[in-house]
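Enquirer: Sharing a model prediction with you, sequence too.
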Amino acid sequence: MSESTIRSTTRTPKIALIGNPNVGKSTIFNQLTGLNQKIGNYPGVTVDKKTGWMNYEGATYEILDLPGTYSLYPNSEDEIIAHRVLNHIDKEKRPDYVLMVIDSCQLSRGLFLATQLIDLGVQLAIILNMADLAAKKNLEIRSYEIYKSLGVPILSTDARAIKGLEQIKTLIHEKNFSVDSSYLDISEIIPQSLIQPIKEKFDLKNDYRAYQMLRFGPKDRSINPEDRLWIQSLIADQKFDLETAQLEETTLRYRKITSLVESCVVKKEAKKPASKLDKIFLHPVFGYAIFIGILLLIFQTIFTWASVPMDLIDGLFAEISGWVNSILPPGPLTSLISEGIVPGIGGVVIFIPQIALLFGFLAILEDTGYMSRVVFLMDRWMRPFGLHGKSIVPLVSGVACAIPGVMAARNIGNWKEKIITILVTPLMSCSARLPVYIILIGLVVPNENFGFINLQALTLLGLYLLGILGVLVTAFSLKLILKSEEKSFLMVELPTYRTPRWKDVLLTMYNKSRTFVTEAGKVILAISVVLWVLATYGPPSKMEEIRKAGEERLAQAPEDQHELIESEVSSQLLESSFIGIMGRGIEPVIKPLGYDWKIGIALITSFAAREVFVSTIATIYSIGADVEDELTIRQKLNQQINPVTGDKVFNKATAFSLMVFYVFAMQCMSTVAVVYRETKGWKWPLIQTVYMTVLAYVAALVTFNIFS
Amino acid sequence: MGYHPPKPMHITADTMTASRSAIIRQITASPLKINLMELGFLPGKTITLNHAAPMGGPMAFQMDETLLALRKSEAALIEVQLL
């Protein structure tokens, strides 16, 4: 029965895994390939390309996990992939075999796609997954009836319980796939006068494939422009309406499937009441209360759990820097490694705990089926701001860190809603802003109670709310500015609640962290090195002068003053470096905000990451070796006097102006890097950096004038 | 075989009240029609409104074994007859 043929004995057979969303396709992929996976990119889109290798009885098979789709007609960036891979103009690049995963409880929806695949003439086998759920729902599926009707091999499995996995492997190994004659007679919909010329021109043997070419060829960039025009004129000549044809195909296909499903599914239970869990989770009041509760729990956990490995990473990279300094001879190269590259890598690695934990939690919420409930609850509140229900995930993640937030935005199908979400997510106050806020609040807000509310806590809350206000106002403005023809829609399935699969959760954590390190890491490392060069080098004669003077002072001073002199020298060196010169250069611009050139230096260096503000300020005001001691920094800063006015440098107006600046300013190269990766270009990260900086500047200016 | 009102009431699904069931009569022509059909919203199918988010938020319909969430504007494209 199997017509399978081996195209080439030397090539690894390629198997595409396809199915509707939420059918357990990824679990099967993970079970088949284990850790033997690679995540790459499809050209031109932000969809991850998941490839894995399965070894079985000495043979290797390449498995491609296609993004979930309901049909071969794509509605989103994700769904384009399945279409593109299966209809590739180059036959050699198409998969050799296709393994279709169907949720046993959603038979007709799965068969809709499966029969399209049959019509496409691919080597197909079908897996009826989640057999356990079907049994629980008292559904009896006569798979032999389906096999008789479709003519392709069918397997029943329960991937969560690893049931039937061995059979899948055997099926692949024995290449037990087959091509059936078409399921739907496409000539009922499309006249042969259209199909035949296409088949001849592109050397296609299959009617449905020719129809797909007719439908999507004109937009397919891998086809040369002349041929694309040729297809277009062919359609125009015959005045053929493709949209109507698609509706007609859908109706006919479903009609056929419905009668098939009726004959092969026995339903023992009549009506299913609404799930008890959903009565609580989707409740108009309790639903929201539970959601807020879960959020608080997640953040609490991220802040407590992530801080431990983050401190370890921080300490480890400081150790490595020190170790490099001790084993290599002093000089520019050593300095580049110990002060530029090592902290640069450290600056990438330090985000891993937060990214891994956040994506771990997101994977659990997704896997249990709760996430789509959140989308259901939040869509109404997001839409007035040009956002989608799905935007809630990136925005909420942004409170921990904008990077995983921006990465999570790719689930949003609509281009405009995705771009708006990416552009506003960094305005949520992330955890890196916290050290800056805390230092500045400590400087100017008295630790007193107003009624029963602590004033410092109130200020902190105010800054977070200001960030949220920024998100809403910006999103709303972008909604009016950005134009898109694409229609926004929700249409999500609320899957049955299930316990999470821990292996998949761990794999998600691992894969997301790895993607961040390899993709965004390059940009972060590069900017770190540039900032290091600017902060280390200055006009040589001037720098040399300061060093010499410092050495002379050290030679004369008693031992107990050495530390003080050293920190003063490093402060002077930073002042004279290129970054110091830049700090003076931007002073006229930032003066209206109440900042001097020293703060200007900190603004420039903290573009690497916001928390760098604290350490730079510490260096500039030569606070000494122990940067960790907030009290010392605070006392020192409090003593700084503006030489011109005689006032404190960090008075109320300046400190509040700085806080507001940090609420809105981009000040995070990792975010820039990740936006570059997610939007596939420099246009959006640049626009975002500029508008956030302008917003920060204006808001800080207003704040300064209110308080002074 | 339940009781049928003398005149079949054709309404759109967005006006359904909680836990009411209805049979889909047709899907109004719109760019979203194909998406609804691909999800299985087809004439003849029975849908039950299980949940609705507050303030005109999305609605969740039970259809066969699945719970599907639609925006109110999307549900308005589904013409139904109440059961």
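Expert: Done, it's in.

Enquirer: The residue in chain B that chain A sits nearest to and residue A:382: what is the separation?
Expert: Of all residues in chain B, residue B:57 sits closest to chain A, at 3.3 Å by C-beta to the nearest C-beta. Where C-beta positions appear, they are placed from N, C-alpha and C, glycine not excepted. As for residue B:57, its distance to residue A:382 is 10 Å (criterion: C-beta to C-beta, to the nearest Å).

Enquirer: ok, which stretches of chain B are helices?
Expert: Counting by DSSP state H, chain B has these helices, from start to end: B:33-38, B:72-75.

Enquirer: Also the stretch 401-550 of chain A?
Expert: Applying DSSP state H, counting those that start in this stretch to the stretch 401-550 of chain A gives helices spanning A:402-408, A:415-424, A:433-444, A:455-481, A:502-515, A:521-536, A:540-556.

Enquirer: Tell me the helices and strands packed up against the longest one.
Expert: Right, the one you point to is helix A:455-481. Judged by 3 or more C-beta pairs under 8 Å, 6 or more residues apart in numbering or on different chains; DSSP states H and E, the packing partners of helix A:455-481 are helix A:415-424, helix A:433-444, helix A:652-664, helix A:683-707.

Enquirer: check contacts around the residue nearest the centre of chain B.
Expert: Nearest to the centroid of the C-alpha atoms of chain B, with distances taken as C-alpha atoms, centre = their mean, sits residue B:13, at 3.9 Å. Residue B:13 sits next to B:22, B:24, B:47, B:49, B:59, B:61, B:70, B:75, B:76, B:78, B:79, B:80 when contact means C-beta atoms under 8 Å, 6 or more residues apart in numbering or on different chains.

Enquirer: looking at the sheet around the third one, what are its partners?
Expert: Read that as residue B:47. Residue B:47 has the following beta-bridge partners by DSSP bridges: residue B:22, residue B:63.

Enquirer: Quick check on residue 40: phi, psi?
Expert: The chain I'm using is chain A. As for residue A:40, its main-chain torsions (degrees, to the nearest 10) stand at phi -120, psi -160.

Enquirer: I was after chain B.
Expert: phi 110, psi 10.

Enquirer: Quick check: it touching residue A:110?
Expert: No - look at residue B:40 against residue A:110 with C-beta atoms under 8 Å: they stay out of range, at 10.4 Å.

Enquirer: Low-confidence ranges, chain B, go.
Expert: B:1-9 (pLDDT under 70).

Enquirer: now chain A
Expert: Across chain A, residues meeting the criterion (pLDDT under 70) sit at A:1-10, A:43-46, A:161, A:268-274, A:519-520, A:622-633, A:643.

Enquirer: Report all helices and strands that the helix or strand hosting residue A:134 contacts.
Expert: Using DSSP states H and E, residue A:134 maps to helix A:131-136. Helix A:131-136 sits against strand A:139-141, with contacts defined as 3+ C-beta pairs under 8 Å, 6+ apart.

Enquirer: Now do the buried residues in the strand it packs on.
Expert: A:139, A:141 (16 or more other C-beta atoms under 10 Å in any protein chain shown).

Enquirer: Could you check how many residues crowd around residue B:46?
Expert: Using other C-beta atoms under 10 Å in any protein chain shown, residue B:46 has 15 neighbouring residues.

Enquirer: Would you mind giving the orientation angle of the helix or strand hosting residue A:615 with respect to helix A:433-444?
Expert: Per DSSP H and E, residue A:615 falls inside helix A:612-620. With axes from the mean of the first three to the mean of the last three C-alpha atoms, to 10 degrees defining the directions, helix A:612-620 sits at 50 degrees from helix A:433-444.

Enquirer: quick one: helix A:612-620 to helix A:521-536, angle?
Expert: Put simply, helix A:612-620 runs at 20 degrees to helix A:521-536, going by the same axes, to 10 degrees.

Enquirer: Just the residues contacting helix A:612-620, thanks.
Expert: Applying C-beta under 8 Å, 6+ apart, the external contacts of helix A:612-620 come out as A:435-436, A:439, A:567, A:570-571, A:574-575, A:598-599, A:601-603, A:605-606, A:623-624, A:627, A:633, A:637, A:662, A:667.

Enquirer: Only the buried members of these: can you turn that into a PyMOL selection?
Expert: In PyMOL syntax, the buried subset of the contacts of helix A:612-620 is picked out as below (16+ other C-beta under 10 Å):
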select buried, chain A and resi 435+436+439+567+571+574+575+598+599+601+602+603+605+606+623+624+633+637+662+667
